[in-house]
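Trainee: here's my sequence, what's the structure:
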Amino acid sequence: MGLSHESHPHPTLLSDFILGSQDGLVNVLGVLLGLVAAGAGTRLILVGALAAMAAESISMGAVAYTSTLSRRHLYLAELGREEREMREVPEMEREEVRVILRAWGYEGAEVEEMLARIEAKPKAWLDIMMAFELNLAEVGPNQARTSFLTVLGATVFGSVIPLLPFFARAFPTTVAAGISVVLSAILLVSIGAYESRTTTGSPWVGAPRMLLIGLGAGFAGFLVGHFLGGL
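Mentor: Numbering: from 1, shown residues only. So this is what the prediction gives:
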């Protein structure tokens, strides 16, 4: 009888998808609700929302790329420094490993036994220093590009959802706006439920939070459009 393994998304990809889709949806929903409140027609709403989608998706993707690239540069710099210290001041590095082992509950002779085993595997030694002394996770050479594409695609995906009723051109703007809010709420709840199920095991921990944040931002756009339209 075989063991079943549940696959989980890479945490970075999950956070990139949530970041992009939520930001795209909230940004476009706020823009279109503001334009509807200001009395704009369907054509102007589509132009404004699509322009916001284009700018936001490229901007968010670029931010994801540069921030991930910066983390990779930091990781490589610290990796080189740790490798030099392991060669030049090994006793200092051994003492740092002892501190980590004692924090894990090892005592006395156990510490020296584990230290000897770790020291015999330079890569394990280096990985322990990077992860548990510096608290740095490895950033792969393709991770910046992957983050860019993930955030870009997720932002476009999230932005399109509230626009669907306006693409149809079958409803008055106020009705289309109401449908947009419903579709946006469904997507926000779905994203929040998936995120919380993946991270905490309960699908309903993050759903209300995601819904409140998203619709709250959209309502802020509506208020701005309402008051500025009146002026």
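
Trainee: contacts and neighbour counts: CA atoms only from here.
Mentor: Fine.

Trainee: residue ranges with poor pLDDT in this protein?
Mentor: The model of the chain has pLDDT under 70 over residues 1-11, 201, 229-231.

Trainee: and Ile118, how many neighbours does it have?
Mentor: The number of residues packed near Ile118 is 17, by other Cα atoms under 10 Å.

Trainee: show me the contacts for the closest residue in space to Arg145 that isn't next to it in sequence.
Mentor: The shortest distance from Arg145 to any non-neighbouring residue, by Cα to Cα, 6 or more residues apart in numbering, is to Tyr65 (6.2 Å). Contacts here follow Cα atoms under 8 Å, 6 or more residues apart in numbering; on that basis Tyr65 touches Ala144, Arg145, Ser147, Phe148.

Trainee: same check, this time on Lys121
Mentor: By Cα under 8 Å, 6+ apart, the contact set of Lys121 is empty.

Trainee: tell me the secondary structure at the residue nearest to Arg145.
Mentor: Recorded secondary structure, Tyr65: helix (DSSP: H, G, I helix; E, B strand; the rest coil).

Trainee: from Asp16, how far off is it?
Mentor: 11 Å (Cα to Cα, to the nearest Å).

Trainee: distance check, Phe148 against Leu164.
Mentor: 25 Å.

Trainee: pick out whichever of the two has more residues nearby.
Mentor: Phe148 (25 against 15).

Trainee: what's the closest non-adjacent residue to the more buried one?
Mentor: Excluding the flanking residues, the one nearest Phe148 by Cα to Cα, 6+ apart is Gly61, at 4.5 Å.
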